[in-house]
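Chemist: Below are the sequence and a predicted model for it; my questions follow.
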Amino acid sequence: MKKLILFLFLIGGALMAFKSSKESVSPEEQYIHKADSVLALMTLEEKIGQLNLPAAGDFTTGQASSSNIAEKIKAGKVGGLFNIKTAAKIKDVQRVAVEESRLGIPLLFGMDVIHGYETIFPIPLGLSCSWDMSLVKQSAQIAAKEASADGINWTFSPMTDIARDPRWGRVSEGSGEDPYLGAQITKAMVHGYQGNDLSHNNTIMACVKHFALYGAPEAGRDYNTVDMSRQRMYNEYFLPYKAAVEAGVGTVMTSFNEVEGIPASANKWLMTDVLREQWGFDGFVVTDYTAINEMIAHGIGDLKTVSALALKAGVEMDMVGEGFLTTLKTSLEEGTISEKQIDNACRLVLIAKFKLGLFDDPYKYCDLDRAENEIFTSENRAIARNIAAQSFVLLKNEGNILPLKKEGTIALVGPMADNAENMTGTWSVAGRFKESISLMQGIKNAVGNNVNIVHARGANIVADSLLESRVSVFGKPTYRDSRSEEELIQEALAASKNADVIVAAMGESAEMSGESSSRSTIELPANQRRFLKELVKTGKPVVMVLFTGRPLAIQWENGHIPAILNVWFGGSEAGDAIADVLFGKVNPSGKLTATFPQNTGQIPIYYNHKNTGRPLPEGQWFQKFRSNYLDVSNEPLYPFGYGLSYTSFEYGDITLNRNELSGNQTLTASIALTNSGQYEGAEVVQLYVRDMVGSITRPVKELKGFQKVNLKAGETTEVTFELTKEDLKFYNHNLDFVFEPGEFEILIGTNSQELSKSKINWKE
């Protein structure tokens with residue numbers, strides 16, 4: 001600690017000298033000067049060391065001083081660590097950095113805090129279906145509060161990759177298929193994590209990922225090749241990343257895929273030209289896990305070559321691979337890179353540490369009292385329960401089976417009925433899985449002794465035991481039953497014999513989606529569908545509670561199951577939240593942010609596609625020599641923006657303040673919304689725009705606004721949107737961001753297909 005005090009004294013003296021120049025000094029300039037004061041004291045090896053981010057392996061308190069990583073920390077060869085948990089352990093490791101290294105530079109401590117820390121919220125895809133930015137932000141604030149209380153000061157979130165192929169497992173980690181909505185969610189997440197001041201001890205530094213285009217892999221296979229035009233990048237995929245930069249995100253993570261034939265981690269156009277020069281990003285760039293090393297398999301050079309390429313491209317920190325640590329000095333001696341490039345990278349890492357206040361107090365995130373009192377609290381869990389309930393999407397409710405009555409006998413069946421560990425979904429690394437609320441527990445909590453609940457499994461997650469073993473590698477058990485399919489089904493049918501209603505908890509287990517969990521077909525597993533068919537034959541009303549981390553092709557289920565509630569993976573309080581909706585305590589209001597196809601063969605299918613020169617006429621199923629299939633219509637099973645309620649909503653006609661506009665005038669579009677049902681409820685009113693004629697082809701519609709409106713039964717309100725020509729701009733063939741005057745269609749409604757329409761003409 002003495003070294004650190006002396007160190008800070010030197011920095012302070014240098015900064016005072018800088019201020020005495022009587023020039024106006026911005027906070028950013030102060031951070032730069034502080035970092036430069038540190039750089040002046042550092043050896044080349046220490047500078048390179050700041051660019052190294054190893055995984056800690058979560059070693060226990062007391063081992064930090066004797067581990068291999070600790071030796072590197074003492075030698076100044078580590079800039080940060082991740083995958084270490086608890087304030088006590090992190091304090092122990094931070095002590096090594098600030099008291100046993102030559103300069104005492106504090107470490108960053110990162111973790112994949114993706115949708116909560118110990119209190120887990122719905123998976124990001126589910127969270128996005130709330131369409132409620134205040135709740136999105138609140139979930140990130142609580143995650144930051146809990147993580148920071150336990151020593152973490154950096155999260156590798158939000159993931160903002162646009163994803164239109166649900167075969168890709170990581171669709172669960174993002175916000176769906178739409179760039180506009182994705183951008184709004186990204187901003188809310190960044191503001192939630194980072195707050196207004198990163199030096200506060202209840203905020204953490206965010207990291208937007210994966211830059212760029214990671215959500216568009218060929219064949220939906222994780223880590224696979226991505227290839228698209230720059231025009232498509234700018235108009236469809238870049239917007240959420242850019243929104244993160246505009247929100248002040250502290251760091252950016254590179255993607256594994258290539259971009260225009262160059263892996264992202266070596267792509268100077270991406271990391272420097274776009275990210276820094278065009279968008280003005282001033283934080284640091286970190287690779288994904290061993291992404292630099294993986295460029296060798298991409299075929300662009302050995303470790304020394306790819307490490308130099310990454311540094312020159314604009315990458316500042318190497319996660320796990322240690323290519324920077326082991327090769328940059330040699331590359332410098334050979335003249336492949338410059339010390340200025342190393343200095344620039346080190347400076348940005350140091351600036352982040354200054355912004356977090358780590359030089360003022362390296363132990364600021366290691367308050368054991370906070371760790372004891374601010375994590376997994378009853379207050380946080382209550383908020384998580386409410387947010388989860390807002391994320392569920394009612395897909396079908398034939399005959400108003402839902403909400404259920406708290407009487408009679410309920411048969412609760414299915415492989416997800418009694419599995420607390422799987423409620424949190426994928427990438428919930430710090431969660432208390434066994435303390436999550438299962439669906440069975442949630443229903444019991446809701447009904448008490450008023451309802452007789454009978455339970456039987458009925459089916460395994462999948463029939464193939466080998467496949468099932470591949471989807472539980474992270475330790476979330478699927479509780480496979482070794483009995484035959486027939487035995488499981490017969491037991492469940494017997495249990496259901498005297499039931500008034502059957503609640504079938506079906507779908508995926510937590511790790512059937514997520515990283516390295518791509519699926520070639522996204523139908524419900526065949527054994528589960530077979531079980532459902534037997535349940536339908538009983539003639540009893542069946543409610544399917546669908547657990548999933550991706551859109552599923554459930555055409556058969558939609559045609560035969562009267563009620564379907566999609567609950568994604570709701571987090572720590574999933575069971576209670578599901579029961580809140582099943583029994584009507586909460587009226588479902590979630591809307592899909594990713595299109596559900598009829599079958600896997602329709603993929604990719606998304607609402608904001610472009611027309612072909614031979615579009616299928618509206619309302620037709622098939623026409624020869626048009627763009628369609630022989631065996632299935634072009635329509636989705638459930639469109640983007642779709643979601644039902646226990647009440648009903650009626651829309652009026654669109655009212656515009658003017659049909660002819662010019663220049664910087666503002667268009668006001670209004671519509672009357674009436675709750676015409678019997679329950680209070682919330683409706684997400686969605687505004688879309690179609691540019692009828694452009695210098696390049698334009699999508700058939702694009703989301704440009706939305707409002708979530710709560711109405712009592714019988715209540716009517718007017719929902720108003722405003723648009724300027726800035727909202728109608730796009731990147732043209734030359735990648736200029738332009739407004740092109742002409743005719744536009746204004747569409748407002750309940751989802752991307754059920755819309756009222758009006759037209760305007762907007763002159764230059």
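Modeler: On my side now, so go ahead.
Chemist: Name the residues of stretch 398-418 that come out as buried.
Modeler: Within stretch 398-418, the residues that count as buried by 16 or more other CB atoms under 10 Å are 402-404, 409-418. From N, CA and C alone the C-beta is placed, and that goes for glycine too.
Chemist: Stretch 230-238 now?
Modeler: Residues of stretch 230-238 classed as buried: 231, 233-238 (neighbour count, 16+ other CB under 10 Å).
Chemist: Stretch 611-620 too?
Modeler: In stretch 611-620, counting by 16+ other CB under 10 Å, buried: L616.
Chemist: what do you get for stretch 323-334?
Modeler: Buried residues in stretch 323-334, defined by neighbour count with 16+ other CB under 10 Å: 323-329, 331-332.
Chemist: What mean pLDDT does it get?
Modeler: The average pLDDT for stretch 323-334 rounds to 98.
Chemist: got it, and stretch 587-595?
Modeler: 98.
Chemist: And for stretch 190-209?
Modeler: Averaged over stretch 190-209, pLDDT sits at 97.
Chemist: repeat for stretch 287-304
Modeler: In the prediction, stretch 287-304 has an average pLDDT of 98.
Chemist: Just the buried residues of that stretch, please?
Modeler: Buried, per 16+ other CB under 10 Å, within stretch 287-304: 287-296, 298, 303-304.
Chemist: next one: stretch 744-755
Modeler: Going by 16+ other CB under 10 Å, stretch 744-755 has these buried residues: 744-753, 755.
Chemist: cool, stretch 150-166 as well?
Modeler: Using 16+ other CB under 10 Å as the burial criterion, the residues of stretch 150-166 that qualify are 150-166.
Chemist: what is the rounded mean pLDDT of the helix or strand harbouring A88?
Modeler: Assigned by DSSP states H and E, A88 belongs to helix 87-100. Average pLDDT, helix 87-100: 96.
Chemist: Kindly report the same for stretch 665-672.
Modeler: Regarding stretch 665-672, the rounded mean pLDDT is 98.
Chemist: ok, residues contacting it?
Modeler: With CB atoms under 8 Å, 6 or more residues apart in numbering as the test, stretch 665-672 has contacts from 651-658, 661, 685, 687, 716-724, 746, 748, 756, 758, 760, 762.
Chemist: just to revisit the earlier point, ok, so of the buried residues of stretch 287-304, who is nearest N675?
Modeler: Using CB to CB, D288 is the member of the buried residues of stretch 287-304 that lies nearest N675, at 45.9 Å.
Chemist: any idea which helix or strand carries that closest one?
Modeler: Here D288 sits in a region with no helix or strand, counting by DSSP H and E.
Chemist: now do V503
Modeler: strand 501-507.
Chemist: what's the spacing between whichever helix or strand comes after that strand and its chain's center?
Modeler: In the C-terminal direction, the helix or strand that comes right after strand 501-507 (DSSP H and E) is helix 526-537. Mean-position distance between helix 526-537 and its chain equals 32 Å (CA atoms, centre = their mean, to the nearest Å).
Chemist: which helices and strands sit right next to helix 526-537?
Modeler: Contacting helix 526-537 under the criterion 3 or more CB pairs under 8 Å, 6 or more residues apart in numbering; DSSP states H and E are the following elements: helix 485-496, strand 501-507, strand 542-547, helix 555-560.
Chemist: which residues does S520 contact?
Modeler: Residues in contact with S520, defined by CB under 8 Å, 6+ apart, are 167, 600.
Chemist: Phi and psi next, for it.
Modeler: Dihedral pair for S520: phi -80, psi -20, per degrees, to the nearest 10.
Chemist: N732 now?
Modeler: Dihedral angles (degrees, to the nearest 10) for N732: phi -80, psi -170.
Chemist: Could you chop this protein up by domain?
Modeler: Listed domain ranges for the chain are 378-593, 649-763 (source: automatic domain parsing).
Chemist: Would you mind finding the most buried of the ones you listed?
Modeler: Ranked by mean neighbour count, the domains of the chain are led by domain 378-593 with a mean of 21 (mean count of other CB atoms under 10 Å).
Chemist: Could you check how far that one is from the centre of its chain?
Modeler: Computed by CA atoms, centre = their mean, the chain-centroid distance of domain 378-593 equals 22 Å.
Chemist: so L135 touches A388, yeah?
Modeler: No. The pair L135 / A388 is not scored as a contact, 10.0 Å apart, by CB atoms under 8 Å.
Chemist: one step back: immediately after the helix holding A88, which helix or strand?
Modeler: Of the helices and strands lying after helix 87-100 in sequence (DSSP H and E), the nearest is strand 108-111.
Chemist: Mind pulling up the pLDDT for K22?
Modeler: We have a pLDDT of 50 for K22.
Chemist: V471 now?
Modeler: 82.
Chemist: Spell out which residues sit in contact with it, please.
Modeler: If a contact means CB under 8 Å, 6+ apart, then V471 has 461-462, 478, 508-509, 511-512, 517 as its contacts.
Chemist: out of those residues, who's nearest D367?
Modeler: Checking those against D367 by CB to CB gives E511 as the nearest, at 33.4 Å.
Chemist: Would you mind measuring from that closest one to P525?
Modeler: Distance, E511 to P525, using CB to CB, to the nearest Å: 14 Å.
Chemist: circling back: now the buried residues of stretch 230-238 in JSON lines, with pLDDT?
Modeler: JSON lines is the format used below for the buried residues of stretch 230-238 (pLDDT from 0 to 100):
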{"residue": "Q231", "pLDDT": "97"}
{"residue": "M233", "pLDDT": "98"}
{"residue": "Y234", "pLDDT": "98"}
{"residue": "N235", "pLDDT": "98"}
{"residue": "E236", "pLDDT": "97"}
{"residue": "Y237", "pLDDT": "98"}
{"residue": "F238", "pLDDT": "98"}
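Chemist: Tell me the one among these nearest to F596.
Modeler: Closest approach to F596 among those (CB to CB): E236, at 20.0 Å.
Chemist: For the residue nearest to that closest one when sequence neighbours are not counted, grab phi and psi.
Modeler: Of all residues not flanking E236 in the chain, P179 sits nearest, at 5.7 Å (CB to CB, 6 or more residues apart in numbering). Torsion angles at P179 (phi, psi; degrees, to the nearest 10) stand at phi -70, psi -40.
Chemist: what do you get for the one 4 residues further on?
Modeler: In this entry, A183 is assigned phi and psi values of phi -70, psi -40 (degrees, to the nearest 10).
Chemist: What count of nearby residues applies to it?
Modeler: Applying other CB atoms under 10 Å, we find 22 other residues in the vicinity of A183.
Chemist: and it, what does it touch?
Modeler: Counted by CB under 8 Å, 6+ apart, A183 has contacts 160, 239-240, 242-243.
Chemist: where are the low-confidence patches of the chain?
Modeler: Regions of the chain meeting the criterion pLDDT under 70 cover residues 1-23, 57-67, 473-475.
Chemist: could you measure the residue nearest to the spatial centre of it against V454, distance?
Modeler: With the centre of the chain defined as its mean C-alpha position, the nearest residue by CA atoms, centre = their mean is G174, 3.2 Å away. Going from G174 to V454 by CB to CB gives 38 Å.
Chemist: so how far is stretch 229-239 off the chain centroid?
Modeler: On the basis of CA atoms, centre = their mean, stretch 229-239 sits 19 Å off its chain's mean C-alpha point.
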